[in-house]
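A.B. asks: build me a model:
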Amino acid sequence: MKKIPEENLRLIQEFTLFDDLYMNVFFKDFEEGAQWMLRLILDDPQIEIESVRVQEVVLNLTSKTSRFDIAATDKKTNHYDTEFQTVLYPDLKKRGRFYLSNEDMDMLPRGENYDTLADSYVIFICRGDVIGDGAPMHHFTMKDENGLELGDGQHLIFINADYAGDWRLKDLMEDFKEADPDKMRYDILKKRAERFKKEEVGIMYMNESLRDLVSKREQAAQLAGYEMAYEIAQREQQTRIAQKMLADHMPAKKIAELLDMTVEEIEKIGKDGLK
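C.D. replies: Next up, the predicted model:
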C-alpha cells in the first residue's frame, strides 16, 4: 500500500456516517444502500431508487442555496433528502421546511401542472432529540386541527439516533454511529464500510478525499486571510481620509455619509487623532 500519513489512517478508522467526508464517500453511487436505508426508515419495501446524489446543491437566484447530504429520486419521481445532523441547531425545523420547498421547485418544471408534483421527504438523522418530547422519531405531515391529513405529499422526519430505548430503528442508528465495520449489524452497511476501511483501494480513495478536503480548507483559510487583509487596508484608508476631512473642519455627519460610516466612528477617529 502506498505510504499514507498515520494521522489520516487513524481518521479513516474513526470515521462514522455522522462525519461529512465519510458519509459523502460512503453513499456516492450507492443506490442500493440508499434504497435499503429509505425502505427501512420509511417502512416501505416498495421504494425503488433510480438515482442518488451526495452534497447536491440546489441554486435559487432569489433565495438561500440548499445543500442536500443524500438526495435520492425514485421511479415515481418522489424526492428524498437524508441529512446526518450532529449539532442540533435551533433552526432545524424551519430548515426542514425550506428544504422541502426546494425539493418541490426542483421537481416542477416551468409549465407543468401542480398535480404532477410527486411526494417529497426531508429526513434529519440527529445526534439528539430535536422535538424534545423523548420520542425516537417524528414523521410530520400537514394536518388540520382535527387531525385530518391534507395529503399534499410533504413529509418532514426527525430521528433521534441517540434514543436509548429499544425501537424499530435501533440497530440502524447504532450502525450509523459505529466506526468499526466488524461491530456493524447490517451486512449491507458492514460490507460498504469494509471497502473504505479495510481494502487498499478504498483506503487510498479515502486518503485522497482527505487530502482534497485539507487542500480546500487551506485555500479557504488563505482566501479568508486575503479578504481580512483587504478589509483592514480599506479601513485604514478610510481612517486616513476621514482624518484629512476632519482636519479641513468638515462636519462628522457629512464625512460619515461620504465614507459609509457612522457618526460615532468618525468622532472616535477624531478623538484618537488628538491623542
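A.B. asks: contacts, neighbours, all on C-alpha from now
C.D. replies: Fine.
A.B. asks: what are the boundaries of the helices in the stretch 51-200 of the chain?
C.D. replies: Here the stretch 51-200 of the chain has its helices, by DSSP state H, counting those that start in this stretch, at 92-107, 170-177, 187-197, 200-247.
A.B. asks: what's the third one packed up against?
C.D. replies: Other elements packing on helix 187-197 under the criterion 3 or more C-alpha pairs under 8 Å, 6 or more residues apart in numbering; DSSP states H and E are helix 20-27, helix 200-247.
A.B. asks: can you do 7 Å?
C.D. replies: Applying 3 or more C-alpha pairs under 7 Å, 6 or more residues apart in numbering; DSSP states H and E, one finds that helix 187-197 contacts helix 200-247.
A.B. asks: cool, the second one as well?
C.D. replies: In this structure, helix 170-177 makes packing contacts with no helix or strand, judged by 3+ C-alpha pairs under 7 Å, 6+ apart.
A.B. asks: now that helix: mean pLDDT?
C.D. replies: On average, the pLDDT along helix 170-177 is 98.
A.B. asks: so the nearest residue to Asn24 once chain neighbours are set aside bridges to which residues?
C.D. replies: Nearest non-adjacent residue to Asn24, counting by C-alpha to C-alpha, 6 or more residues apart in numbering: Val54, 5.8 Å away. Judged by DSSP bridges, the bridge partners of Val54 are Ile70.
A.B. asks: for Gln243, see how far away Gly134 is.
C.D. replies: Per C-alpha to C-alpha, to the nearest Å, Gly134 is found 60 Å from Gln243.
A.B. asks: next: Ile266.
C.D. replies: 9 Å.
A.B. asks: so between the two, which is more surrounded?
C.D. replies: More crowded of Ile266 and Gln243, by other C-alpha atoms under 10 Å: Ile266, with 23 against 19.
A.B. asks: re earlier: might you report the residue contacts of the residue nearest to Asn24?
C.D. replies: 24, 27-28, 68-71 (C-alpha atoms under 7 Å, 6 or more residues apart in numbering).
A.B. asks: 10 Å instead?
C.D. replies: With contact set as C-alpha atoms under 10 Å, 6 or more residues apart in numbering, Val54 has these partners: 23-30, 67-72, 81-82.
A.B. asks: picking that back up, give me the common contacts of Ile266 and Gln243.
C.D. replies: Joint contacts of Ile266 and Gln243 (C-alpha under 10 Å, 6+ apart) are 255, 272.
A.B. asks: out of the contacts of Val54, what pair is the most spread apart?
C.D. replies: Phe30 and Arg67 (18.5 Å; C-alpha to C-alpha).
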